[in-house]
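Novice: Return atomic coordinates for the entry below.
(chains A and B)
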Amino acid sequence: SQTIHQWPATLVQPVGSPLSLECTVEGTSNPNLYWYRQAAGRGLQLLFYSVGIGQISSEVPQNLSASRPQDRQFILSSKKLLLSDSGFYLCAWSVWGGGLETQYFGPGTRLLVL
Amino acid sequence: GQQLNQSPQSMFIQEGEDVSMNCTSSSIFNTWLWYKQDPGEGPVLLIALYKAGELTSNGRLTAQFGITRKDSFLNISASIPSDVGIYFCAGAVQGAQKLVFGQGTRLTINP
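Specialist: Below you'll find the model as predicted:
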C-alpha cells in the first residue's frame, strides 16, 4: 500500500531564516507530487506540482521554491522566511491519467514564522 | 481558470440530522472527489466519482456526479459527532495534472 510522509510535523522559525520541508512517498512509482498551503480556517492553495524528477510547476509567485531530486521525494524550500509564510503545508501525491484521478494527502507540517 | 463554488460555507446541525452540501462550476469536470479534513490533519479522500450521473455511497455518505458534469453533491445521513470537520470538493479537468478545490464546508454538530 502507498504511504506519504512529511516532516517535520511542526516547525517554529524566525523571520529571515531558511526553510526546508520534506515529503516522501512509498509504494508507488512516478507519482505526481504537490505542495499546498492552508491558512487557518481556509481552503487549500496549490503552490507547486511536479510530474517527474526535476520538473516543477509553480502556481503562484511567492517566497518559496520546490525541488524533486528523486522520484518519490518532494522538497519545499525558502531562503528567507516571511511572516506571511506561516501556515499548514500539505504534500500530496497522485497517479494521473486513465480517467481515474485521485489524490492523497500527507499529515501536514504546521509552520509558524515569528 | 476553473473555480469551484462550494456551499454552504458552514453548517450547524443537531446530531442525527442529515447533511447536504454541493459544488458547482462553470467548467466541465471529468472527475469529482470529496474529502474530509479533521483539525490539524491532512484531508482524507471520502468518495471519488468518474462518470456523469454516477451515484456512489460510502457508509452514511452518498455523492453524485452531476449530469451536466458541472456539479456534484455530498450527503451525510444521520450525522454523528465524528462527522465534524471541513469537507472539500475537488474536480479534475481532462488533460490537467492537478485538482481544483472548493473552499470547503465546515460542519459543526450539536450533541
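Novice: how far out from the middle of the chain is stretch B:19-39?
Specialist: Distance of stretch B:19-39 from its chain centroid, counting by CA atoms, centre = their mean, to the nearest Å, is 4 Å.
Novice: That should have said stretch B:72-91, apologies.
Specialist: 6 Å.
Novice: if I pick B:T24, what's in contact with it?
Specialist: Residues counted as contacts of B:T24 (CB atoms under 8 Å, 6 or more residues apart in numbering or on different chains) are B:L4, B:N5, B:S7, B:K70, B:D71. Quick note: C-beta positions are derived from backbone N, CA and C, even for glycine.
Novice: Ignore what I typed, I meant B:E41.
Specialist: A:P107, A:G108.
Novice: go with 10 Å
Specialist: A:F88, A:L90, A:F105, A:G106, A:P107, A:G108, B:G85 (CB atoms under 10 Å, 6 or more residues apart in numbering or on different chains).
Novice: what's the closest of these to A:N32?
Specialist: Closest approach between the contacts of B:E41 and A:N32, by CB to CB: A:F105, at 12.9 Å.
Novice: Next, count neighbours for the nearest residue to that closest one once chain neighbours are set aside.
Specialist: Nearest residue to A:F105, sequence neighbours excluded (CB to CB, 6 or more residues apart in numbering or on different chains): B:G42, at 3.6 Å. Residues near B:G42, counting by other CB atoms under 10 Å in any protein chain shown, number 21.
Novice: and A:L81, how far is that from chain B?
Specialist: Shown here: A:L81 relative to chain B, a distance of 21 Å by CB to the nearest CB, to the nearest Å.
Novice: Over to A:W7?
Specialist: Distance, A:W7 to chain B, by CB to the nearest CB: 13 Å.
Novice: For chain A, what is the nearest residue in chain B?
Specialist: Ranked by CB to the nearest CB, the top residue of chain B for proximity to chain A is B:G42, at 3.6 Å.
Novice: quick one: the helix or strand harbouring A:Y89 near chain B?
Specialist: Applying DSSP states H and E as the criterion places A:Y89 in strand A:87-94. Yes: against chain B, strand A:87-94 shows contacts by CB under 10 Å from any CB of the partner chain at A:F88, A:L90, A:C91, A:A92, A:S94.
Novice: Need the residues you listed in CSV (columns: neighbour count and pLDDT).
Specialist: Shown next, in CSV, are those (neighbours: other CB atoms under 10 Å in any protein chain shown; pLDDT from 0 to 100):
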residue, neighbour count, pLDDT
A:F88, 19, 97
A:L90, 26, 98
A:C91, 26, 98
A:A92, 26, 98
A:S94, 20, 93
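Novice: Quick one: residues contacting A:G87.
Specialist: Residues in contact with A:G87 (CB under 10 Å, 6+ apart) are A:36-40, A:42, A:45, A:108-113.
Novice: now, which of the residues you listed lie close to chain B?
Specialist: Residues of the contacts of A:G87 in contact with chain B (CB under 10 Å from any CB): A:Y36, A:Q38, A:R42, A:Q45, A:G108, A:R110.
Novice: Closest one to chain B out of those, please.
Specialist: Of these, the one sitting nearest to chain B (CB to the nearest CB) turns out to be A:G108, at 5.0 Å.
Novice: any chance you could map the strands in chain B?
Specialist: With strands called from DSSP state E, chain B shows them at B:5-7, B:10-14, B:19-24, B:31-37, B:44-49, B:55-58, B:61-65, B:71-76, B:85-92, B:99-101, B:105-110.
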